[in-house]
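> Predicted model follows, preceded by the sequence.
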Amino acid sequence: GAVVSQHPSRVICKSGTSVKIECRSLDFQATTMFWYRQFPKQSLMLMATSNEGSKATYEQGVEKDKFLINHASLTLSTLTVTSAHPEDSSFYICSAPQGRTQYFGPGTRLTVL
Amino acid sequence: GESVGLHLPTLSVQEGDNSIINCAYSNSASDYFIWYKQESGKGPQFIIDIRSNMDKRQGQRVTVLLNKTVKHLSLQIAATQPGDSAVYFCAEQGGTYKYIFGTGTRLKVLA
């Protein structure tokens, strides 16, 4: 149990375009999901907390207009990187909690050319 | 690209030996601790957790030890195998729902 999926696993886009990443909890419901960003050889950095039916909570320094989050259902949260630029290239990972344990998706590698 | 000058601590262990990965946590109010394994290009995978009312918990081939006095957490892997090669992160939680992650340790298993 406690499987989280992400789609796509990798995406390459041109600068200025928007990219949507989906995060799904496959076998459980999650009113909250988390979005992280990870740079090479570094730990996970929490970007925002996605809340089903309400606005996401963003961490300090994360632009909410840049990283749009929608938690449309109890099993789906989406992260849209708007007007992507090369500095947005990174590994994006979502997680969903069951109890106090966060279960992570496989990650999405975003490359902006 | 890579961050200049940033290196993950690395633990190299001979196949079959036991591995001990250490983590110092920051918040004395944290009451829940988790170890994750992250293979290259993948998301973190849950290994084992422990609550602050315990000082030891065992799983399959893994043991987590918690020392609240010195705010130290360790992960022991018995009979380390090549498939154990990965980066291991500890995480702590307490007070809020957010996790605080450690910097990570790379485990290299030598054949």
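Structure's in. What do you need?
> Next, the contact list for A:V19, please.
A:V11, A:C13, A:T80, A:V81, A:A84, A:L110 (CB atoms under 8 Å, 6 or more residues apart in numbering or on different chains). For glycine as for every other residue, the C-beta is placed from the backbone atoms N, C-alpha and C.
> rerun that using 10 Å as the cut-off
Taking CB atoms under 10 Å, 6 or more residues apart in numbering or on different chains, we find A:V19 in contact with A:8, A:11-13, A:79-82, A:84, A:88, A:92, A:108, A:110-112.
> Looking at these, which are in strands?
A:V11, A:I12, A:C13, A:L79, A:T80, A:V81, A:Y92, A:T108, A:L110, A:T111, A:V112 (DSSP state E).
> Neighbours of the residue in chain A that chain B sits nearest to, how many?
Using CB to the nearest CB, the single residue of chain A nearest to chain B is A:F104, 3.9 Å away. Using other CB atoms under 10 Å in any protein chain shown, A:F104 has 23 neighbouring residues.
> got it, and B:S74?
15.
> Distance of it relative to B:K68?
13 Å (CB to CB, to the nearest Å).
> and if you look at A:H85?
From A:H85 over to B:K68 (counting by CB to CB), the distance is 44 Å.
> Do I have it right that B:R51 meets B:R57?
Yes: if you go by CB atoms under 10 Å, B:R51 and B:R57 touch, sitting 8.5 Å apart.
> burial of residue 32, as a residue count?
Using chain A here. 17.
> was after chain B, sorry
By the criterion of other CB under 10 Å, B:Y32 has 16 neighbours.
> cool, B:D31 as well?
Considering only other CB under 10 Å, B:D31 is surrounded by 16 other residues.
> what's the pLDDT at it?
B:D31 is assigned 95 on the pLDDT scale.
> residues contacting A:S90?
Residues near A:S90 by CB under 10 Å, 6+ apart: A:36-40, A:42, A:45, A:47, A:81, A:107-112.
> Pull out the buried residues from those.
Among these, the ones that count as buried by 16 or more other CB atoms under 10 Å in any protein chain shown are A:Y36, A:R37, A:Q38, A:Q42, A:M45, A:M47, A:V81, A:G107, A:T108, A:L110, A:V112.
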